[in-house]
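**Q** Please find the sequence and the predicted model below.
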Amino acid sequence: MFRFLVRRALGALVILLIISAVTFWLFYAIPRDPATMSCGKNCTPDMLEQIRKNLGIDHPVPVQYWDWLKGVFVGRDYAGFGHCDAPCFGYSFANREPVLGTILDRLPLTLSLAFGSAVVFLIFGIGTGMIAAVKQGKWQDKVASSASLVASSLQIYFVGYVAMYFLVAKLGILDNPSYTPLTENPAEWASGLLLPWLVLALIWTANYTRMTRSQLVETLSEDYVRTARAKGMSSRNVFFRFAWRGAMGPIVTIFGIDLATLIGGAMITEYTFSLQGVGRLAVDSVEKSDLPMLLGVTLLAAGAIVIFNIAVDAVYALIDPRIRLA
Amino acid sequence: MTPPTPSPAAPLEVTDESVEKSITSPDSKGSESRSPGRLAWRRFKRDRTGVISACIVIFFFVIAIAAPLIAKLYGKNPYTTYASARPELLDDFSYPAGANGGMSSEFWFGIEPQLGRDVFTFLLYGIRTSLGIALAATILTCVAGIIIGVTAGYLGGRTDYFVSRIIDIVLSFPSTLFFIAFMPVVYGLFVAPDDNVPTWLIAVSLIVVLSAFGWASIARLLRGQVLGLREREFVEAAKVTGASPMRIVFKELLPNLWTPIIIQATLMLPAYVTAEAGLAFLGVGITDPTPDWGVMIGRGAQFYSQDFTFMLFPGLSMVIFVLAFNLLGDSVRDALDPKSKR
């Protein structure tokens, strides 16, 4: 297990390095000068010169990348901003704040959104999927299957507004989406994020319902399930001790991918509900051509994908002892 | 004891009960050809959900293609701000004066708040733009994925290794974020920073960026398939008879790959429609004066609490399209590959 983790972590590091290099090159080396881009429409030559100097982009791109990379590991001195401590991802072009600090400021919201909705869609998705599988062919199955089909065709940027219109503006059942830190006021934290959680969960549940159902249907027809039944084990016991464990593998896989996607920034969700998370930060940085910030958010998102891939493989081995981590 | 399972090499017809029945039915002629395509078509025709959703999808494509014609017959266009000539259409707060977003016999789907454009034609042209971009991106993605995947699988060795690593990396890229982040970079290649970006360039950039991050999954799938097919006897036979690699790829391998390709394409198109609309909604794709599904939803979002009707048209039509296409995709999958489980 330990060797597996070390090896995969090294692989992840390599992928992140490549992604950062590719992103860096694409953003900085393409004909449009980042200094001009960050300078905006009413730019003076002085400002341009200052920005160039601050960013160190009078150097060739490989040197710039090397400087940036050094900044990440050992810190870096900027002409315009002064010293920046070890994990230094540079400074925003737009508001001159450190990239890392801004992302860390926004991260709690995104994490709350991701984990909160994940709890809801996991419970509902796996629950409905289990019911559908156990009641295969009966009305419960049909309702669950067709509802999940419809739900998976919905889009957050439509359903989100429909929900806000009916549940908030018309009926006033839920609060307008807002964010209060969990440590400050847990009740407000939950009530402010309840609507986004529910809408996100509505759309993402569908996947889990279908996946759980098809996996369980397959597992329930396996020989080992039949053997357990033949030995006289109650069907409830068989279901909860054997069948569902066998069906969890693929669900863990998509859950890992989904969670990584959500942490990397649920851009459309945050935009729809006017929440200032990492996703919104990314959209805003694009509008402002804020390259260092974009690079930071990209690395966060890619890092989430890579790390959750490793976690999925590790969890897979825990669930299914037949799989050995070599 | 387990019942004898049909070997994978057994011909499709034997395992398919429904076809066996249709052979004995009186209306089928013995001379009728039963190619895999025809068998799939028969299975598809029997699937009522599939046929209905196919009709809906075709309907959307027809109105998208015929949008200029429909708009001409209807007598309006998506660009004219009708309220500026006739201020009585909007009330004092610039919302439609009539009930239900100003729906009337003249403006079928009502008029847009603030600017007072015609919702019906705006939606028609919006569907046209969105479907056009999604379709082009799907085709480009498939072509790129097929070329790269088949090449890697067929050549094997070092090529395969490098292509596979590139696929690994592309799949670790956070794709939605990159769609958003890359659009300005692509514009930067062609347009000076202060100029407006022409619509055709936005459309082309969207297609290229969507495809640039979409090819990897289909390439990986086809690579795996080709790795399996490469060792089969018919490919070996072709090699022995001196067929060129080109011929083997196009005449021997590709015909065996159409099923996964079509299945992937049916998954991809609705995903691209929603991705394209999502980008427009975020303001990084197609922008306002150009009609587009996502632009419309973005417009609707600005005043959803005052005039909810406007939001419903693009939103519901998109849900219907995506749902119909997903159902169609499932049916196509069942028809092409009856043994697969969903």
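**A** Looks like it came in fine.
**Q** Please identify the buried residues of the helix or strand containing A:Ile18?
**A** Assessed by DSSP states H and E, A:Ile18 sits inside helix A:2-29. Buried residues in helix A:2-29, counting neighbours by 16 or more other Cβ atoms under 10 Å in any protein chain shown, are found at A:Arg8, A:Ala12, A:Ile15, A:Leu16, A:Ile18, A:Ile19, A:Ser20, A:Thr23, A:Phe24, A:Leu26, A:Phe27, A:Tyr28. For glycine as for every other residue, the C-beta is placed from the backbone atoms N, C-alpha and C.
**Q** can you list those residues in a markdown table and add pLDDT and distance to B:Val249?
**A** Formatted as a markdown table, the buried residues of helix A:2-29 follow (pLDDT from 0 to 100; distance: Cβ to Cβ, whole Å):
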| residue | pLDDT | distance to B:Val249 |
| --- | --- | --- |
| A:Arg8 | 81 | 35 |
| A:Ala12 | 84 | 35 |
| A:Ile15 | 84 | 30 |
| A:Leu16 | 85 | 35 |
| A:Ile18 | 85 | 30 |
| A:Ile19 | 83 | 32 |
| A:Ser20 | 84 | 36 |
| A:Thr23 | 80 | 34 |
| A:Phe24 | 79 | 36 |
| A:Leu26 | 73 | 32 |
| A:Phe27 | 70 | 37 |
| A:Tyr28 | 66 | 39 |
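**Q** just to revisit the earlier point, quick one: the helix holding A:Ile18 to chain centroid distance?
**A** Distance, stretch centre to chain centre, for helix A:2-29: 18 Å (Cα atoms, centre = their mean, to the nearest Å).
**Q** Any idea which residue is closest to the centre of chain B?
**A** Residue closest to the average C-alpha location in chain B (Cα atoms, centre = their mean): B:Leu269, at 1.6 Å.
**Q** Just list the residues touching that residue, thanks.
**A** B:Ala134, B:Leu135, B:Thr138, B:Phe325 (Cβ atoms under 8 Å, 6 or more residues apart in numbering or on different chains).
**Q** for stretch A:59-76, which positions count as buried?
**A** Those would be A:Gln64, A:Tyr65, A:Asp67, A:Trp68, A:Gly71, A:Val72, A:Arg76, for stretch A:59-76 by 16+ other Cβ under 10 Å.
**Q** and the gap between the fourth one and A:Ser289?
**A** A:Trp68 sits at a distance of 17 Å from A:Ser289 (criterion: Cβ to Cβ, to the nearest Å).
**Q** Ok, the last one next?
**A** Relative to A:Ser289, A:Arg76 is positioned 22 Å away (criterion: Cβ to Cβ).
**Q** list the buried ones in the helix or strand where B:Thr141 lies?
**A** Using DSSP H and E, B:Thr141 falls within helix B:119-155. Across helix B:119-155, burial judged by 16+ other Cβ under 10 Å covers B:119-131, B:133-138, B:140-142, B:144-146, B:148-154.
**Q** so which of the buried residues of helix A:2-29 would you say is closest to A:Lys135?
**A** A:Arg8 (39.8 Å; Cβ to Cβ).
**Q** Report the rounded mean pLDDT for stretch B:104-113.
**A** Here stretch B:104-113 scores 73 as its mean pLDDT.
**Q** Next, the buried residues of it.
**A** Going by 16+ other Cβ under 10 Å, stretch B:104-113 has these buried residues: B:Phe107, B:Phe109, B:Gly110, B:Ile111, B:Glu112, B:Pro113.
**Q** could you dump these to TSV with distance to A:Tyr271?
**A** Shown next, in TSV, are these (distance: Cβ to Cβ, whole Å):
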residue	distance to A:Tyr271
B:Phe107	29
B:Phe109	25
B:Gly110	25
B:Ile111	26
B:Glu112	21
B:Pro113	20
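**Q** Mind checking which of those are in strands?
**A** Using DSSP state E, no member of the buried residues of stretch B:104-113 sits in strands.
**Q** Among the residues you listed, which are located in helices?
**A** The members of the buried residues of stretch B:104-113 all map outside helices under DSSP state H.
**Q** quick check, nearest of those to B:Pro314?
**A** Using Cβ to Cβ, the buried residues of stretch B:104-113 come closest to B:Pro314 at B:Phe109, 9.8 Å.
**Q** neighbours around A:Arg210, how many?
**A** 20 (other Cβ atoms under 10 Å in any protein chain shown).
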